[in-house]
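**Q** okay, predicted coordinates and the sequence, questions at the end:
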Amino acid sequence: QAKEDGRATWRFYASEMNQRLLQRRQLEMDLRQAMAMGEMALQYQPRYRTNGMHIIGAEALVRWQHPLKGLLGPAHFIDLAEETGLIVPLGRWVLNEACNEAARWPEHICVSVNLSVVQFRQSDLRLDVQRALTEAGLAASRLELEVAESILLDESAGALATLNALKELGVRLTMDHFGTGYSSLNYLRSYPFDGLKIDRSFIGNALSSANDRLIIKAIVGLAEALELTVTAEGVETGEQLEWLEEADCAVVQGFHICQPQFAQEMERLVQELG
Ligand code: C2E
Ligand code: MG
Ligand code: MG
C-alpha cells in the first residue's frame, strides 16, 4: 500500500510540478527547430518625423511563423530564448536579416534592432554587429540599436564598454522604454546614447493624465537639451499624434500611424512615403 501511495504521489508530482518544465522544454525544442527551419521572420514598424510625416526609419520586430499556432509575437518566446541562451543565435539572425533588408531601402532610412541584455553578456556584440553590416553592405549610420535601460543595471554585462565599442562602429544607440526604469537621467548623461524612446505607457495616458503630459514634455525638453532624438512609441490615436506634434516630439511610431509590416510591404511603403 505504502508503495502504491508513493507511486501516486510521484505521479502527482510528475504531472503537476513537472508539467510546466516539460512544456518549456518542448517550447525550447520547438524554437530551436523553428530557427533551423526558417520559421522566424521580421516585421518592420515605420518611424515618422512629425515634421512632414515622412518615414525616417523602421523598427525590426521578431515574429515566429508557427505552423500550427500562427504568427507569434515576442511575448510568446523572448523570455524563453533569453533563459536558454537561444537569444544569442536568434539575435544574430535578427541583426543580419534587418541589415540585409535595410540595404534595399532608400539611403536616408535607418533600421532599428532590439538587443537583449543576454546578448551583451554572452556574445561579442561588436563583432556580430560589424559582420552584419559588412555582409549586408549597410553603412553603420543606418543601423540603430535599441537597448532597455535595465541593461545598464547589469554590471556583469560590462554594458558601458560594449556600448562604447558599438558606438565606435558608427551605429546609433537608443534607450528603449525610457521612463520606466531607474536613474535614467544619470545614464543618459554618462552613456553614449543618440536617442530615447518614451515608453508607450506614457503615450497611452497622455490625453487623460495631466501628469503624463507633464512628464512627456519634460522628457522632450531634456532630450533637446542633451541633443538626443526623442521618439514616442505606441501612438494609438489621432489625438495623441496631434498632441505629440504640438509638444515638439520629433519622431512618432504606433498602430495609429502604421502597424508592423512584413518586408515586402515595408519596401513599398518606403518607396512611397520615405
Ligand atoms: P519594443 O521594442 O518597445 O517594441 C514595440 C512594441 O510595441 C512592439 O511589440 C510593437 O508591435 C508594439 N506597438 C507598436 N505600436 C503600438 C501601439 O500603438 N500600441 C501598442 N499597444 N503597441 C504598439 P512586439 O512586436 O510584440 O514586441 C514586444 C517587445 O519584444 C519589444 O518591445 C522588444 O522589447 C521585444 N522584441 C521585439 N523584437 C525583438 C528582437 O528581435 N530581439 C529582442 N531582444 N527583443 C525583441
Ligand atoms: Mg524597441
Ligand atoms: Mg520600445
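**A** The structure has been received and is ready for your questions. Ligands and ions are numbered 1, 2, ... in the order given.
**Q** so who does A148 touch?
**A** For A148, the set of contacting residues under the criterion of C-beta atoms under 8 Å, 6 or more residues apart in numbering consists of V117, M175, D176, H177, G181. Where C-beta positions appear, they are placed from N, C-alpha and C, glycine not excepted.
**Q** which single one of those is nearest to D194?
**A** Within the contacts of A148, the smallest distance to D194 is 9.4 Å, found for M175 (C-beta to C-beta).
**Q** that closest one and E107: what is the separation?
**A** Remark: distance between M175 and E107 (C-beta to C-beta, to the nearest Å) = 25 Å.
**Q** who's more crowded, those two?
**A** Counted by other C-beta atoms under 10 Å, M175 and E107 do not tie: M175 has more neighbours, with 23 against 12.
**Q** give the ranges of residues in the protein that sit below the confidence cut-off.
**A** Counting by pLDDT under 70, the chain shows low-confidence ranges at 1-6, 9-14, 16-17, 155-157, 182-184.
**Q** residues from it in reach of ligand 2?
**A** By C-beta under 5 Å from the ion, the part of the chain that sits against ligand 2 consists of N114, E146, D176.
**Q** could you redo the last one with a cut-off of 6 Å?
**A** The chain has residues E59, N114, E146, D176 near ligand 2, with proximity defined as C-beta under 6 Å from the ion.
**Q** can you pull the residues of the stretch 51-200 of the chain lying near ligand 1?
**A** Applying the criterion C-beta under 6 Å from any ligand atom, the portion of the stretch 51-200 of the chain that neighbours ligand 1 consists of 61-62, 73-75, 78, 91, 94, 114-116, 146, 176, 200.
**Q** widest-spaced pair of the residues you listed?
**A** G91 and R200 (22.3 Å).
**Q** these two: which is more packed in?
**A** Neighbours were counted for G91 and for R200 using other C-beta under 10 Å; G91 has more, 23 against 18.
**Q** before we move on, the earlier item: of the residues of the chain next to ligand 2, closest to G38?
**A** Distances from G38 to the residues of the chain next to ligand 2, taken as C-beta to C-beta, are shortest for N114 (20.5 Å).
**Q** these two touch, right, that closest one and D176?
**A** Yes - when contacts are counted by C-beta atoms under 8 Å, N114 is listed as touching D176 (6.8 Å).
**Q** if I look at these two, which residues touch both of them?
**A** Taking C-beta under 8 Å, 6+ apart as the contact definition, N114 and D176 share the neighbouring residues E146, V147.
**Q** residue contacts, R131?
**A** For R131, the contacting residues are N96, taking C-beta under 8 Å, 6+ apart as the criterion.
**Q** got it, and Y191?
**A** For Y191, the contact set (C-beta under 8 Å, 6+ apart) comprises L152, L160, L163, L173, M175.
**Q** format the residues of the stretch 51-200 of the chain next to ligand 1 as a markdown table; extra columns: distance to G85.
**A** Putting those into a markdown table (distance: C-beta to C-beta, whole Å) gives the following:
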| residue | distance to G85 |
| --- | --- |
| L61 | 21 |
| V62 | 16 |
| G73 | 21 |
| P74 | 16 |
| A75 | 19 |
| I78 | 13 |
| G91 | 10 |
| V94 | 15 |
| N114 | 17 |
| L115 | 15 |
| S116 | 10 |
| E146 | 21 |
| D176 | 21 |
| R200 | 28 |
